[in-house]
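**Q** Provided below are the primary sequence and the corresponding predicted coordinates.
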Number of protein chains: 2
Amino acid sequence: MPKQNTVFKDAYNRCLRLLVVGESLPSEPELCTLLGVSRTTVRSILSQMVEASLIEWNKRSKAVQRSPTKADFFPEHETSSLSEVIERTFMKRILMGGAEPGMQINELELAREIGVGTTSVREFLIRFSRFGLIDKRPNSHWVLKGFTRQFAEELTDVREMFELKSAVAFAGLPSDDAAWTELESLRRAHVEVLADIDRRYLEFSELDDRLHRLIQQASGNRFIIDFYDIIAIVFHYHYQWNKANARERNGKAILEHLDYIEALKTHRPEAVEAACRRHLSSARLSLMQSLSPTAGGI
Amino acid sequence: MPKQNTVFKDAYNRCLRLLVVGESLPSEPELCTLLGVSRTTVRSILSQMVEASLIEWNKRSKAVQRSPTKADFFPEHETSSLSEVIERTFMKRILMGGAEPGMQINELELAREIGVGTTSVREFLIRFSRFGLIDKRPNSHWVLKGFTRQFAEELTDVREMFELKSAVAFAGLPSDDAAWTELESLRRAHVEVLADIDRRYLEFSELDDRLHRLIQQASGNRFIIDFYDIIAIVFHYHYQWNKANARERNGKAILEHLDYIEALKTHRPEAVEAACRRHLSSARLSLMQSLSPTAGGI
DNA sequence: ATACTGCATATTATCGACAAAGAACATCAA
DNA sequence: TTGATGTTCTTTGTCGATAATATGCAGTAT
């Protein structure tokens, strides 16, 4: 099958949530912006909804006939794009399965294992190679460098360099910059989660991602901003499968974030730098501790 | 044609230079390491050389019959891999041709223009995207961000951060590290070129690449080392088509390099930092001046 | 025993093909 | 006249196929 229609299915599911019995759906172009897809896809969705007797569609009128039931939704796993599937499978293998440094990676084998064509796997590996975890031997296999302590150190070294620069730049933003309001709403979100930390500690990952991205943004430097993708993916998958002490770790980190945010608000470079250093070295320590003490792989 | 046999042709050409009439070529495995290809390719080469009456081949004996003539070589342009061809064509387009920021890039069109399949172009664009000059809109085109002053500034900002760190690390290398001997031989090469600068100023690019790579290496950080690829490709293509004041610029840069090298040899961080800063800000200035003063494109 | 050759097999790089998704243009309704 | 719809065309994402290249194994010469 030349192309999975995951864009269609995902948009269809999201469109189901817009249905309100008695009302009519908006115009096609409006649905396009709402769902973030092209008109072609919107029209496929509408046709499908007619088939399912969810709406009656006649030119401009798209009258909703009934509320969607659970059965109307496409199963979740059919809505993620091929590259997402490949990424998940691959990360699982190299972060969990015994993936020793030096191991060879075989495009064909990987493709067969995941059940996709080689092209998709190849493209994924090329994209993934910028994360510094694999190396290509042209005309031959890929070599896994492994998620080692060494890797974590190199990663966090650069991270600290970049984030210090970004944080200082952030502190220097004019007071009317939109980033400040975003920072304030993030601060509130932190406080909310902290108030119910025992039950909501898992929400920290998302806060972490949002805060750090917001800060990198202030650097105005695409290389710094892009580098954060590496941090994000590593932390995302690593902590997804490594939840030891998560409650404690996240609670501590939220407090550090709040300090960090306060420091930013002072606009004082020295204060920002100090708070930034504190948080980052604490993050580094957690990461290091979660890696097996001496061995290479995770 | 599923695969260009450029590996074969390139290795064949290089193998031609190993022929000495009267002698025998080494064993197959030895040729493999010598040429950097697999035994299969080596054996294809040997067969071809038999066809061309260049050698007589019988098991272990590969007696050279005659010296190769110009006509024995494959034309140079058939020896570069597809991705090299695509890279050159593409860089030419975006660094020379009127490539305004915001322009759309079309895989199919690019593929037709270069005369290759879409897959190769796609893979190239994915690999190239890490250089921060293009952005992908999934399910749609790529967007050219353009080789603008803004880009050059972001690039050199990170470069300076990284190289300062690397240079200081270099200064701290133990005296018996192999890097010091490499540095000394590089120094001599600089002096040699400088002595005949009027005729050899074009050799500076290679010296520049070698020196900076050697220094980044000392950081021991894959992200820093990999980042230099971006610098290298940008400088390589940019100055290849922009030779204004090259003699003067390169002469000056060689002197700065010599200072820089001396500073490294002192092992004193402050001296290194000062020389590094001097050279990098001078390099930044040259790059900026070679870009059109205000406009976006090159 | 070691290292090379001969042969068979596996993997990569590249292409063309095709459904899904996007984009362009003509037509039509308010 | 503006904006939505109907229609058509183009491009992307993915696959399978195939030559080029690499790799593994068995036999053979030193």
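**A** Done, it's in. Numbers count the residues shown, from 1 in each chain, chains lettered A, B, ... in the order given.

**Q** residues in chain A within reach of DNA strand D, list them.
**A** A:1-4, A:27-30, A:39-40, A:43, A:59-60, A:62, A:81-83, A:116-120, A:123, A:137, A:139-141 (Cβ under 7 Å from any atom of the strand). To be clear about C-beta, it is placed using only N, CA and C from the backbone, and glycine gets the same treatment.

**Q** run the last query once more with 6 Å
**A** A:1-4, A:27-30, A:40, A:59-60, A:81-83, A:116-120, A:139-140 (Cβ under 6 Å from any atom of the strand).

**Q** show me which of those are buried.
**A** For the residues of chain A next to DNA strand D, a burial check counting by 16 or more other Cβ atoms under 10 Å in any protein chain shown picks out A:28, A:82-83, A:116, A:120.

**Q** which pair of the residues you listed spans the longest distance?
**A** A:28 and A:116 (32.4 Å; Cβ to Cβ).

**Q** so which of the buried ones among the residues of chain A next to DNA strand D belong to helices?
**A** Using DSSP state H, A:28, A:82-83, A:120 are the members of these that sit in helices.

**Q** ok, back up a step: of all the buried ones among the residues of chain A next to DNA strand D, which comes closest to chain B?
**A** residue A:83 (9.0 Å; Cβ to the nearest Cβ).

**Q** where's the closest one relative to DNA strand C, distance?
**A** Separation of residue A:83 from DNA strand C (Cβ to the nearest atom of the strand, to the nearest Å) stands at 13 Å.

**Q** I figured that residue hits residue A:125, correct?
**A** No: the pair residue A:83 / residue A:125 is not scored as a contact, 11.0 Å apart, by Cβ atoms under 8 Å.

**Q** could I get the full set of helices for the stretch 101-250 of chain A?
**A** With helices called from DSSP state H, counting those that start in this stretch, the stretch 101-250 of chain A shows them at A:107-114, A:118-128, A:149-171, A:178-195, A:197-200, A:204-217, A:222-240, A:246-266.

**Q** out of these, flag the one nearest residue A:17.
**A** Ranked by Cβ to Cβ, the member of the helices of the stretch 101-250 of chain A that lies closest to residue A:17 is helix A:204-217, at 20.6 Å.

**Q** what is that closest one packed up against?
**A** helix A:149-171, helix A:178-195, helix A:222-240, helix A:246-266 (3 or more Cβ pairs under 8 Å, 6 or more residues apart in numbering or on different chains; DSSP states H and E).

**Q** what mean pLDDT does it have?
**A** Averaged across helix A:204-217, pLDDT comes to 98.

**Q** what's the answer for stretch A:230-238, then?
**A** 94.

**Q** for DNA strand D, what's the nearest residue on the stretch 51-200 of chain A?
**A** Nearest residue of the stretch 51-200 of chain A to DNA strand D (Cβ to the nearest atom of the strand) works out as residue A:117 at 2.6 Å.

**Q** which non-adjacent residue is nearest that residue?
**A** residue A:111 (6.2 Å; Cβ to Cβ, 6 or more residues apart in numbering or on different chains).

**Q** if I look at the one you found, how far off is residue A:74?
**A** Computed as Cβ to Cβ, to the nearest Å, the residue A:111 to residue A:74 distance reads 24 Å.

**Q** what does residue A:277 give?
**A** Distance from residue A:277 to residue A:74, by Cβ to Cβ: 47 Å.

**Q** show me what the residue of chain A most remote from its centre is bridged to.
**A** Here chain A reaches farthest from its C-alpha mean at residue A:58, the gap being 39.3 Å by Cα atoms, centre = their mean. Beta-bridge partners for residue A:58, by DSSP bridges, are residue A:61.

**Q** that's a helix at residue A:12, yeah?
**A** Yes: applying DSSP: H, G, I helix; E, B strand; the rest coil, one finds residue A:12 inside a helix.

**Q** residue numbers of chain A in contact with DNA strand C?
**A** Going by Cβ under 6 Å from any atom of the strand, the residues of chain A near DNA strand C are A:2-3, A:5-8, A:37-41, A:106-109, A:118-119, A:138-141.

**Q** other SSEs contacting the helix or strand of chain A with the lowest mean pLDDT?
**A** Across the helices and strands of chain A, the lowest-confidence element by mean pLDDT, DSSP states H and E is helix A:82-95, at a mean of 93. If contacts are counted by 3+ Cβ pairs under 8 Å, 6+ apart, helix A:82-95 sits against helix A:107-114, helix A:118-128, helix A:222-240.

**Q** thank you kindly, that will do.
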